[in-house]
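**Q** got a sequence here, can you build the structure:
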Amino acid sequence: MSARMSREERLRLWRAERVVDQMHGMDRMVFLAIRVDEMSYSEIAERFDISVADVEAHFAVALRILMKAMDEKDPWWWRFRLW
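**A** From the prediction side, this is the model:
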């Protein structure tokens, strides 16, 4: 894969960033902790003093918001996840 992104990829990434910026409260914090900081669910639960089930629920809401806003059947942003 090329180090340079195409214009279409940059636009999709820009759109995704705007959607994340507009997420509310804990949904946004949990999403960023998982996707950007690469924290585990248990680490996030400890950091924010919530249960692991709450972390799962907030992450699910954030993904639904992102999928709806991006309006794509194939969630392209999964490839940015570092496994």
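**Q** residue closest to the middle of the chain?
**A** In the chain, the centroid-proximal residue (CA atoms, centre = their mean) is F31; its distance is 4.4 Å.
**Q** how about it: what's its closest non-neighbour residue?
**A** A62 (3.8 Å; CB to CB, 6 or more residues apart in numbering). Just so you know, the C-beta spots here come from the backbone N, C-alpha and C atoms, and that holds for glycine as well.
**Q** ok now do that neighbour, which residues does it touch?
**A** By CB atoms under 8 Å, 6 or more residues apart in numbering, the residues touching A62 are 20, 23, 27-28, 30-31.
**Q** now do it against M29, distance only.
**A** 9 Å (CB to CB, to the nearest Å).
**Q** got it, and S6?
**A** From S6 to M29 the distance is 31 Å (CB to CB).
**Q** kindly report the same for I50.
**A** Taken as CB to CB, the span from I50 to M29 is 10 Å.
**Q** may I ask which helix or strand encompasses H58?
**A** helix 52-70 (DSSP states H and E).
**Q** again with A33
**A** Secondary structure assignment for A33, by DSSP H and E: helix 25-35.
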